[in-house]
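Chemist: with the sequence up front, the predicted model follows.
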Amino acid sequence: MFNQLPQVTKNILLLNIAFFVATLILNKQGIDLELSLGGHYINSPFFRPYQVVTHFFMHSSTNFLHIVMNMWLFVMLGSFLEKLWGPKRFFIFYIACALGSFALYNVIGVLEIQSLRANLAPKFNLEQFDYFLANSVSFNANAAQQINDYLFSHHIELSDALQTYIFKCYTPVVGASGAVFGILAAFAILFPNTEFRLYFAIPVKAKYLVTGYVLLEMYLSFASNVNDNIAHLAHVGGAIVGAILVVVWRKNDRVNFY
């Protein structure tokens, strides 16, 4: 079965697996690839330009279902789209959805970090603290201790606002979910009446299932849930870019697929 996968789908699958295995191995050495290769907000002191690309090959090392579900949907639907479009168009589509996902994810987060900075700047030397975060804190298991030691030595109180600021700057987004949502959106537009089995039992047409899923993600993007660590806006961003690309590409082809 693996040998029958089209080339781009196979290579992306292998890259995701390789990054996941490397994450597990290096975690035991005290190196956290999720933090270094995951995508931080672009105005975070922890942001590095390469994260724009590396983040969508990373997955949670503590939630095995994260990579399993993403890669299952990717292989099942992505291989179909690659055979339909060809490798070049599919590769462009996948990367565009992943980048669009990261862009929308940043919109709200960047504004939230700016607002927190405006609140914290009058209370202590925030520029110096940002410099410390960007240049002295390592992407490893000792990062939290390094930050606590800095705050203690500089007599800085860990207020709620500062705690939120550190959390938003430090916590990365990882996973191929944004690109996968783009694939879901494309499949629902091209094959709207194809039936999926919800919970492996309930037949639901693609156009209803994917639309409902994206609307739920939009709602959860703005719902207040402190225990929710899913980047819902990234999912929505990927779906929007995927839908736009399919609509543009279909301008001269009005054939509907089922």
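Modeler: Looks like it arrived, so ask away. Numbers count the residues shown, from 1 in each chain.

Chemist: following element in sequence after the helix or strand of the chain with the lowest mean pLDDT, please.
Modeler: Across the helices and strands of the chain, mean pLDDT, DSSP states H and E gives its lowest value to strand 195-198, namely a mean of 72. Toward the C-terminal end, the helix or strand that comes next after strand 195-198 (DSSP states H and E) is strand 202-205.

Chemist: where does the protein dip in pLDDT?
Modeler: Along the chain, segments meeting pLDDT under 70 span 1-2, 140-141, 198-201, 224-228, 252-258.

Chemist: which residues in it form helices?
Modeler: 7-27, 33-37, 51-54, 64-73, 79-85, 87-120, 126-135, 143-153, 160-170, 177-190, 206-222, 232-249 (DSSP state H).

Chemist: among those, which is nearest Arg197?
Modeler: helix 206-222 (9.8 Å; Cβ to Cβ). C-beta here means a position set from N, CA and C on the backbone, and glycine is covered the same way.

Chemist: ok, residues contacting that closest one?
Modeler: The list of residues contacting helix 206-222 from outside it, by Cβ atoms under 8 Å, 6 or more residues apart in numbering, reads 108, 181, 184-185, 187-188, 191-196, 198, 228, 230, 232-233, 235-236, 239.

Chemist: so what's the residue count around Leu35?
Modeler: For Leu35, the neighbour count with other Cβ atoms under 10 Å is 21.

Chemist: again, but for Leu233
Modeler: 24.

Chemist: what of Gln29?
Modeler: When neighbours are defined as other Cβ under 10 Å, Gln29 has 9 of them.
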